[in-house]
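> From the sequence below, what's the structure:
(chains A and B)
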Amino acid sequence: MKFLCIECETAMKFKDVTRPEQGSVTAVFECPDCFTEIAMFLNPSETQMLKSLDLKLGGTNETAQPMQMVRSQLQTGKEDSVPNITSQIEGSETAEGGKCPFTSVISEAYEEESEPETDGLSWTQDALERLERIPSFVRPMAKMGIESYAKDNGHTEINAEVMDQARGNFPAQF
Amino acid sequence: MKSYKELPDDAGSNIVGQVTAQAKRVNQRLSSVKHTIAVMSGKGGVGKSAVTSNVATALALQGFSVGVVDADINGPTIAKMMGVRKSKLEYTSAGVKPAITSLGIKVISMDLLLSEDDAPVLWNAHSQKDAFTWRSTMEVGALREFIGDTEWEELDYLLLDLPPGSERLANVVELIPSLSGVVVVTIPSDVSQLIVKKSVTMARDVLNVPIIGVVENMSYYVCHHCGESEPLFSNDDAVESAFQFTLLGKIPFDPKLSQCNDSGVPYIQQHPNNQASEAIVATVENIKKYFNALS
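Predicted coordinates for the structure are as follows:
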């Protein structure tokens, strides 16, 4: 993917990223001549595709850790297989020698997404306890399904009754 | 206005460079592997994994150094069949130390990375809703890391146990341009061959991968009371007539094979003198003959 500043006929350079929002990442590119900036938005699927290819926008000089992609992206993986990606991100640099913020932001995006946004919904204690009984590897999906059902049906509080109603909204039993 | 090709780079991401580095990593890792063989079939349930684990074991029993990649990311069975499910992978700066069987066979499988027995392969994502757009890319990425990041060291044979269908073979050929060849597993039924033929055409005519030969699994049944052989399927000559390739072996059905798969001790290791073991050894001899003829 390349970006051209039409005014200057100059190739734009990767500059920065903004914080992710619901899986979407925004990358900023700048014209080195006139300093015009543009923003490129990746939708969640595009962001995910980039992660699945284990590619870094903005480049990297770091050598990948063994099975880095699998170990960092496998939601149902063993805990002891998670790689120390943080140190790698902190040390990663762009081709120009600067820090590459994109990798860290992408990573943050996924960390954030392990706890889905609640959008003003609250959970009662008994609902949270029932949520805890759902197997850990499907819990995030189940939580999203319940919250989605609650929002769609005008609930602001998730209690046992709402969970019963939402039961058909996701694959896990609880 | 300038075109795509006139722009000097991709704004500093060097995506081509990153992809090239990934491919280089795989090639470097496989540079010490003599023969890389994909075990495939178009159809599920024909016994690919059982054939893979037993061929690997037969080779190891003959003194060859062997590795097995379980390329079935969503339905991994090799670690169970080869008795290494409880093995813990060790991650070093040089790569991942694979699970090792009692005969020294190196094994890598998604099964070794999953947290629980009933845990499916689920990837981190904002939503699983549109996962069809990226899931297969994740799986290919996982396979690339399995092949390129496992510390295989010097190997005579690396076997890849593919999932059903021909799609994964295309991925493997992309990842391993030096793939030595394909062993096709089928059973003597018209239904199986109808599907397997499609995979063979894909391998031979589209992907240009050498076909080492065909293994006819569940070829016949040997009665344990009278020792007589009986066909399990109606068309017991089907394989020889349907495929224009070397028939590597005809492996009879033996209920003990399934028991061995469950116990984690490969059949040929546990019952070396049974008819099915003899057929597996014959298969291995034909595979070796194929490579000897090339050298």
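> May I ask which helix or strand of the chain has the lowest mean pLDDT?
You didn't pick a chain, so chain A it is. helix A:85-91 (a mean of 35; mean pLDDT, DSSP states H and E).
> oops, I was thinking of chain B
Min over SSEs of chain B, mean pLDDT, DSSP H and E: helix B:238-242 (a mean of 61).
> after that one comes which helix or strand?
strand B:247-250 (DSSP states H and E).
> what sits up against that next one?
B:183, B:212-216, B:219-220, B:239-240, B:279-280, B:282-283, B:286-287 (CB atoms under 8 Å, 6 or more residues apart in numbering or on different chains). Just so you know, the C-beta spots here come from the backbone N, C-alpha and C atoms, and that holds for glycine as well.
> Please enumerate the strands of the stretch 1-150 of chain B.
B:33-40, B:66-70, B:90-92, B:95-97, B:99-100, B:106-108 (DSSP state E, counting those that start in this stretch).
> Would you list the phi and psi of the residue nearest to B:L143 when sequence neighbours are not counted?
Once flanking residues are discounted, B:L143 sits nearest to B:A71: 5.7 Å by CB to CB, 6 or more residues apart in numbering or on different chains. Here is the backbone geometry of B:A71 (degrees, to the nearest 10): phi -90, psi 0.
> quick one, what contacts B:A71?
If you count contacts by CB under 8 Å, 6+ apart, then B:A71 has B:A38, B:L143, B:F146, B:L160, B:D161, B:L162, B:P163, B:R168, B:V172 around it.
> what pLDDT does it get?
Note for B:A71: predicted pLDDT of 96.
> ok, now how distant is it from chain A?
13 Å (CB to the nearest CB, to the nearest Å).
> Run a quick neighbour tally on A:G23.
The local packing of A:G23 (other CB atoms under 10 Å in any protein chain shown) involves 20 other residues.
> How many residues are close by the closest residue to B:S229 other than its chain neighbours?
Leaving out its chain neighbours, the residue that sits closest to B:S229 by CB to CB, 6+ apart is B:Y220, at 4.7 Å. By other CB under 10 Å, 19 other residues sit near B:Y220.
> ok, B:Y220 touching B:L232?
Yes: with contacts counted by CB atoms under 8 Å, B:Y220 reaches B:L232, the gap being 6.1 Å.
> How many neighbouring residues does residue 30 have?
In the absence of a named chain, this looks at chain A. By other CB under 10 Å, 18 other residues sit near A:E30.
> Hmm, no, I was thinking of chain B.
Applying other CB under 10 Å, we find 20 residues neighbouring B:L30.
> Kindly report the same for the one 5 residues further on.
The tally of other residues near B:H35 (other CB under 10 Å) stands at 22.
> List the beta-bridge partners for it.
Residues in a beta bridge with B:H35, per DSSP bridges, are B:Y157.
> wait, it sits on B:I176?
No: contact criterion CB under 8 Å: B:H35 and B:I176 do not qualify, at 11.5 Å.
> per-residue confidence for A:P171?
Turning to A:P171, the model gives it a pLDDT of 48.
> do A:F41 as well
Note for A:F41: predicted pLDDT of 89.
> what's the answer for B:R25, then?
On the pLDDT scale, B:R25 gets 91.
> Next, count neighbours for it.
Quick note: B:R25 (other CB under 10 Å) scores 19 neighbours.
> Distance-wise, check B:R29 relative to chain A.
11 Å.
> In this structure that residue contacts B:G148, no?
Yes: taking contacts as CB under 8 Å, B:R29 lies within contact range of B:G148: 4.9 Å.
> who's more crowded, these two?
A direct count of neighbours by other CB under 10 Å for B:R29 and B:G148 places B:G148 higher, at 23 against 18.
> May I have the residues that are in contact with the more buried one?
By CB under 8 Å, 6+ apart, the contact list for B:G148 reads B:Q22, B:R25, B:V26, B:Q28, B:R29, B:L30, B:L175.
> now it, nearest residue through space, not along the chain?
With CB to CB, 6+ apart as the criterion, B:G148 has its nearest non-adjacent residue at 3.8 Å, and that residue is B:V26.
> For chain B, see how far away the closest residue to A:E132 other than its chain neighbours is.
Excluding the flanking residues, the one nearest A:E132 by CB to CB, 6+ apart is A:R139, at 7.9 Å. Distance of A:R139 to chain B, computed by CB to the nearest CB: 11 Å.
> average pLDDT for stretch B:201-216?
Across stretch B:201-216, pLDDT averages out at 92.
> Likewise for stretch B:270-282?
pLDDT averaged over stretch B:270-282 gives 94.
> Can you tell me what sits against it?
B:51, B:54-55, B:58, B:61, B:219, B:222, B:248-254, B:256-257, B:260, B:263, B:267-268.
> From the chain's centroid, how far away is that stretch?
Its chain's C-alpha centre lies 20 Å from the corresponding centre of stretch B:270-282 when counted by CA atoms, centre = their mean, to the nearest Å.
> how many neighbours does the residue in the stretch 151-295 of chain B positioned nearest to chain A have?
Nearest residue of the stretch 151-295 of chain B to chain A, counting by CB to the nearest CB: B:E151, 8.6 Å away. For B:E151, the count of nearby residues is 16 (other CB under 10 Å).
> now swap in B:K129 and tell me
Using other CB under 10 Å, B:K129 has 13 neighbouring residues.
> What backbone torsions are found at it?
Reported as degrees, to the nearest 10, the phi and psi values for B:K129 are phi -60, psi -50.
> That one and A:S45: what is the separation?
Here B:K129 is placed at a distance of 9 Å from A:S45 (CB to CB, to the nearest Å).
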